[in-house]
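1. generate coordinates for the sequence data below:
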Amino acid sequence: MNIIDCAMKAKDASVYLATVDTNTKNAYLNTLAKTLILHADDIILANEEDMVRSKKENISAPLLKRLKFDKTKIAESAKGLESLAKLPELVGITQYAMELDAGLELYRVSCPIGVIGVIFESRPDALIQISSLCLKSGNAVLLKGGREALKTNRILTNIITEVSAQCGIPEGWIQLLETREEVNDMLALDEYIDLIIPRGSNQFVRYIMDNTRIPVLGHADGICHLYVDKDADLGMAIALTVDSKTQYVAVCNALETLLVHNSIAAQFLPALKKTMDEKHVELSGCEKTCQIISATPANEEDWRTEYLDYKLSIKIVDSLEEAIKHINTYGSGHTDAIVTHNRKSAMRFMELVDSANVFWNASTRFSDGFRYGLGAEVGISTNKIHARGPVGLEGLLIYKYKLIGDGHTVAEYADGRKKFTHRKLEKKF
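-> Below you'll find the predicted structure:
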């Protein structure tokens with residue numbers, strides 16, 4: 001099937017998918033969770049073939065870590081599906097109701113966006129998260145995963161398609177793309193696709209934006225910062241640095257640059273280095289940092305780099321304002337945190353740092369749709385449009401206005417025979 005046929009099928013399916021009731025969608029999610037566990041051995045076999053091929057092609061270690069899909073990750077994916085099924089229905093919710101005049105009522109009601117094209121990295125669990133969120137929010141989806149996960153994505157899509165048929169989900173709502181050529185072709189299909197979500201580097205996201213008329217929800221680099229303020233608890237700061245950097249290095253919400261206030265650097269950095277050495281984290285630092293601990297000299301490029309590896313850049317700053325300026329200059333608008341006991345400093349940091357997620361005394365790794373209670377996420381948006389931060393169900397919905405009248409005409413109001421009441425209503429559509 002060519003890309004146009006895939007898009008047309010998805011478009012047709014999206015019309016009916018928008019009307020599927022909550023019980024049917026939740027039954028699908030719970031059935032899929034059980035089916036993934038049932039077919040775990042087959043999925044793992046396909047994934048092992050992808051792993052072997054990718055190793056031969058010298059795929060980087062961080063990508064290989066993302067690619068691996070074992071029983072633990074399958075179980076986590078199944079649990080995520082069950083959690084998503086428990087979330088309340090967000091489609092068809094009345095957001096706003098207004099009586100324009102007697103017998104003339106206006107409602108704003110949430111509805112799916114339509115057809116969403118998602119280009120994502122070599123994480124098989126991302127395919128499950130993205131497709132399930134789209135299904136729960138009533139959207140059809142075209143998925144293009146990393147080439148590394150080719151066979152894993154195929155078997156997962158086949159399982160999803162079979163479960164969809166069993167549960168009465170409209171045929172064709174999920175389509176799997178496999179080549180780069182199909183991605184370029186997809187960018188021209190603004191007649192069928194309503195939104196594109198690219199997950200990858202800033203350069204990649206910019207390429208997508210520059211080559212399509214379809215709206216793009218950009219999920220770019222995760223150049224995340226942790227600022228250790230002069231009023232920080234140093235034990236807490238070390239724990240948060242370790243978690244933010246090493247809990248899982250190959251993800252967009254992992255720490256890449258640590259900022260440390262000058263007044264506590266001499267005390268804090270030696271203790272941090274000891275811990276980072278134990279975790280096998282390679283450190284690079286500014287000139288002041290290198291005078292306190294052994295580290296590779298950092299350059300301008302380090303402040304702009306998403307390592308996705310056991311590497312951490314460190315810069316000593318003289319003030320909260322300098323830390324904020326550094327983050328707003330070099331950050332990607334993803335997730336940035338401050339460690340401090342000074343509430344005034346924390347509030348200023350959270351107000352002035354221009355990122356989708358700003359934290360106080362918490363690990364950057366909390367920036368996640370599942371941890372936020374959103375069920376999962378299709379990505380983390382660094383844009384400033386209708387959705388920002390982890391994009392869960394709500395970020396995949398838009399709304400439409402529904403007007404109910406009784407033969408009302410604009411002419412009656414234009415010539416003064418009738419007047420608008422504009423009275424707020426509490427009733428639902």
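2. every contact and neighbour count from this point should use C-alpha atoms.
-> Noted.
3. the residue nearest the centre of the chain and I196, how far apart?
-> Central residue of the chain (CA atoms, centre = their mean): G379, 1.7 Å from the mean position. The gap separating G379 from I196 is 11 Å, by CA to CA, to the nearest Å.
4. show me which positions of stretch 346-359 end up buried.
-> Across stretch 346-359, burial judged by 16 or more other CA atoms under 10 Å covers 346, 349-350, 353-359.
5. nearest to I398 among the residues you listed?
-> A356 (19.7 Å; CA to CA).
6. I'd guessed the closest one sits against V391; true?
-> No. Under the criterion of CA atoms under 8 Å, A356 is not in contact with V391, lying 10.9 Å apart.
7. next, show the common contact partners of these two.
-> Counting by CA atoms under 8 Å, 6 or more residues apart in numbering, the residues touching both A356 and V391 are S381.
8. thinking again about what came up before, out of the buried residues of stretch 346-359, what pair is the most spread apart?
-> A346 and A356 (16.0 Å).
9. in helices, which of the buried residues of stretch 346-359 appear?
-> Among the buried residues of stretch 346-359, DSSP state H puts 346, 349-350 in helices.
10. shaky segments in this structure?
-> 201-202, 219-220, 375 (pLDDT under 70).
11. on that earlier part again, want to throw the ones in helices among the buried residues of stretch 346-359 into a markdown table with distance to N253?
-> A markdown table is the format used below for those (distance: CA to CA, whole Å):
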| residue | distance to N253 |
| --- | --- |
| A346 | 20 |
| F349 | 18 |
| M350 | 17 |
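12. out of those residues, flag the one nearest to L258.
-> Nearest to L258 among these is F349, at 14.9 Å by CA to CA.
13. does the closest residue to that closest one other than its chain neighbours count as helix, strand or coil?
-> Distance criterion CA to CA, 6 or more residues apart in numbering; nearest residue to F349, sequence neighbours excluded, is I324 at 6.7 Å. With DSSP: H, G, I helix; E, B strand; the rest coil as the basis, I324 sits in helix.
14. ok, L100 next?
-> Here L100 is recorded as strand under three-state DSSP.
15. same question for L283.
-> Reduced to three states by three-state DSSP, L283 is strand.
16. go on, L142?
-> strand.
17. ok, it - contacts?
-> 6-7, 10, 115-118, 174-177.
18. what about the residues you listed, which are in helices?
-> Among these, the ones falling in helices (DSSP H) are 6-7, 10.
19. isn't G138 up against T24?
-> No. Using CA under 8 Å, G138 is not in contact with T24, being 11.4 Å away.
20. more neighbours: those two, which one.
-> Ranked by neighbour count (other CA atoms under 10 Å), G138 and T24 place G138 first, with 31 against 14.
21. next, the more buried one: phi, psi?
-> Dihedral angles of G138 (phi, psi; degrees, to the nearest 10) stand at phi 80, psi 20.
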